[in-house]
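> with the sequence up front, the predicted model follows.
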Amino acid sequence: VVLGQLVTGSAGATDNRAISVLSGGAITDADADNVTAATNLSGSRVRLDAANGVGTATNAIETSVGTVAARSTAGGVFLTEHNGLTVGTVAAVSVNRVGSAGTTSAVADSAALAGLSTGGNGALTLRSGTGTTGALSIDAAVSAAGSGALLLEAGAGALHLNADVDAGSGHASLVSAGALNFAADADLRSTGTATLDLRAASVAMAHGSTLGTGSGNVRIAAGGALQLGAVSTAGSVSLAASSISDAFSSGSDTVNVTADALRIVTSGTGAGDGAGSAANALELAVNSLAADVNGAGGLFLGEADALQIGTLAAINVNQVGADGSTLTATTDAALSNVDVEGALVIVAGGGITTLATGGAVNASGNLLLQAGGAAGDITLGGALGNDTGATSLNAARDVLVNASVSATGAGQSVDLLAGRSITMADGT
């Protein structure tokens, strides 16, 4: 099916306000390109069902609709929406077919169609707000089978995930000019080495929401606040926002970040800006950490096991382009040390080690490093400094001081507590 322009009423929810396009092949746009393209489909609700693709990488299907559902059995789905849009369920559309006798008979789709899906490693891209403002709401599942990349972009409004988004084994980008919100039962997932790329004015994951991949990196960049549900990968995670908080409020808490390495950067400088809080620390299960926290709200972390503080290599993810095939490598630079403009509290279920290179720890408020468990040593290879508050090192087993420890604030103290022994290297 080659589409020119199909228009139906934009108001109401009855069948004669809907458009259904079915093809045993592909559904494509008659326009030669996306630059001077006219809107292909205008109406209240649209369903697109094709065997071999909906739109193409270089020429998406242009819509101006309220709700869309699309499926490609063995190809990609490429859509652009002029306004805001809901990805949802579109009921079977019924029409009256005129026969040779001049009479009509009702003909309908076999069933309702929900969400967006691709097959055969087809990419899936949906961009809204290309003409006017409006939110993009994902109210039904989105799935890109196989290695095809996935892009959901709200170009002139918020992006609301109220249903699961499954990128198969492909790279995924969620981009919003406004807020990016995850409902409690909404998950973003991929597998293998696929990376996850989230960019928005703010990001709010409800408690219970998750995003994860196999061993690829995860990057969440928010211009404003970031509220974390659960993020998991065997690779590295980079978090950047004005402040970072835990979505947990009641019930059973979850680990916010499970990864090999975690990079935390906060840009907010207000009294409440930081990462975690005294009442609700960020829960981690990571091996390595580096952080730069600029707000006076400080850094509060709870680590399940042992933790190493040292230089992290640059963390790379792939930003998925509008064509679903262009992947732009985005790098968060290597980061060393843990530098905090407020209080610093790290409570670990295992030992805490700071490396001589890139493992310095600095705070401007009360500082606590606490190591637990049978191997709960605190081993300082990097310098530890505090220019404002009191400093405490509390180890279930040993405290090994191989670098300087200083508290330069007037009247402040340094407190070392060990379950077994405290050893200071010569010259420290």
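Received, thanks.
> where's the most centrally placed residue in the chain, which helix or strand?
Taking CA atoms, centre = their mean as the criterion, Leu198 is the residue nearest the geometric centre of the chain, at 4.2 Å. With secondary structure defined by DSSP states H and E, Leu198 is part of strand 196-200.
> neighbouring strands - and their directions - for that strand?
On the basis of DSSP bridges, the sheet neighbours of strand 196-200 come out as strand 172-176 (parallel), strand 218-222 (parallel).
> export only the CA atoms of it, formatted as PDB.
Listed in PDB are the C-alpha atoms of strand 196-200, where the atom choice follows Å, rounded to 0.1, in the frame of the first residue of the first chain:
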ATOM      1  CA  LEU A 196      20.200   2.300  26.700                       C
ATOM      2  CA  ASP A 197      20.200   6.100  26.200                       C
ATOM      3  CA  LEU A 198      17.700   8.300  28.100                       C
ATOM      4  CA  ARG A 199      17.700  12.100  27.600                       C
ATOM      5  CA  ALA A 200      15.100  14.500  29.000                       C
END
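> after it, which helix or strand is next?
Reading on from strand 196-200 to the C-terminus, the next helix or strand found by DSSP H and E is strand 202-205.
> can you name the next helix or strand after that next one?
Sequence-wise, the next helix or strand downstream of strand 202-205 (DSSP H and E) is strand 210-212.
> what's near enough to touch Leu307?
Applying CB atoms under 8 Å, 6 or more residues apart in numbering, we find Leu307 in contact with Leu284, Val286, Asn287, Ser288, Leu289, Ile346, Ala348, Gly350, Gly351, Ile352, Thr353. The way it works is simple: take the backbone N, C-alpha and C, and place the C-beta from them, glycine included.
> drop anything exposed from those.
Listed as buried from those are Leu284, Val286, Ser288, Leu289, Ile346, Ala348, Gly350, Gly351, Ile352, Thr353; burial here means 16 or more other CB atoms under 10 Å.
> bridging residues for the second one?
Under DSSP bridges, the beta-bridge partners of Val286 are Ala259.
> need the pLDDT of it.
Per-residue confidence for Val286 comes out at a pLDDT of 98.
> residues touching it, list them.
For Val286, counting by CB under 8 Å, 6+ apart, the contacting residues are Val237, Val257, Thr258, Ala259, Asp260, Ala261, Leu262, Glu303, Leu307.
> phi and psi next, for the last one.
Comment: the main-chain dihedrals of Leu307 come out as phi -140, psi 140, following degrees, to the nearest 10.
> thinking again about what came up before, now, the contacts of Leu307 that are in strands?
The strands in this structure, assigned by DSSP state E, contain Leu284, Val286, Asn287, Ser288, Leu289, Ile346, Ala348, Ile352, Thr353 from those.
> export the contacts of Val286 to CSV and append columns for pLDDT.
Rendered in CSV, the data for these read as follows (pLDDT from 0 to 100):
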residue, pLDDT
Val237, 98
Val257, 98
Thr258, 98
Ala259, 98
Asp260, 98
Ala261, 98
Leu262, 98
Glu303, 98
Leu307, 98
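> list only buried entries from these.
Taking 16+ other CB under 10 Å as the criterion, what is buried in the contacts of Val286 is Val237, Val257, Thr258, Ala259, Ala261, Leu262, Glu303, Leu307.
> nearest to Asn294, of those?
Leu262 (17.2 Å; CB to CB).
> name the helix or strand for the closest one, please.
Following DSSP H and E, the helix or strand that holds Leu262 is strand 257-266.
> quick revisit: export the ones in strands among the contacts of Leu307 as TSV, with columns for distance to Arg45.
What follows is the ones in strands among the contacts of Leu307, written out as TSV (distance: CB to CB, whole Å):
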residue	distance to Arg45
Leu284	44
Val286	45
Asn287	49
Ser288	49
Leu289	48
Ile346	52
Ala348	53
Ile352	56
Thr353	58
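> taking those residues together, which two end up most distant?
Every pair in the ones in strands among the contacts of Leu307 was compared (CB to CB); the two farthest apart turn out to be Leu284 and Thr353, at 15.0 Å.
> centre of this structure to the edge, which residue is at the far end?
In the chain, the residue that sits farthest from the middle, by CA atoms, centre = their mean, is Ala101; the gap is 57.8 Å.
> reformat the buried ones among the contacts of Val286 as TSV; add distance to Ala32.
Rendered in TSV, the data for the buried ones among the contacts of Val286 read as follows (distance: CB to CB, whole Å):
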residue	distance to Ala32
Val237	42
Val257	46
Thr258	47
Ala259	45
Ala261	46
Leu262	47
Glu303	56
Leu307	56
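> what's the closest of the residues you listed to Asp398?
Top of the list for closeness to Asp398, among those and by CB to CB, is Leu307 at 15.8 Å.
> which strand residues bridge that closest one?
Here Leu307, judged by DSSP bridges, has bridge partners Ile352.
> so how far is Ala285 from it?
From Leu307 over to Ala285 the distance is 10 Å, taken as CB to CB, to the nearest Å.
> any residues in contact with both of those two?
Both Leu307 and Ala285 lack any common contacting residue under the criterion CB under 8 Å, 6+ apart.
> buried sites along stretch 297-315?
Going by neighbour count (16+ other CB under 10 Å), the buried part of stretch 297-315 is 297-303, 306-310, 312, 315.
> which among those gets closest to Thr125?
Checking those against Thr125 by CB to CB gives Ile315 as the nearest, at 24.2 Å.
> isn't that closest one right up against Ile220?
No. Under the contact definition of CB atoms under 8 Å, Ile315 does not touch Ile220, with a separation of 11.1 Å.
> what touches both of these two?
Common neighbours of Ile315 and Ile220 (CB under 8 Å, 6+ apart) are Val237, Ser238.
> OK, contacts around Gly25?
Shown here is Gly25, whose contacts under the criterion CB under 8 Å, 6+ apart are Val1, Ala50, Ala51, Asn52.
> if you rank the residues you listed by neighbours, which is first?
Neighbour count (other CB atoms under 10 Å) singles out Ala50 as the most crowded of those, with 23 neighbours.
> show me the contacts for that one.
By CB under 8 Å, 6+ apart, the residues touching Ala50 are Val1, Val21, Leu22, Ser23, Gly25, Ala26, Ile27, Arg71, Ser72, Thr73, Gly75.
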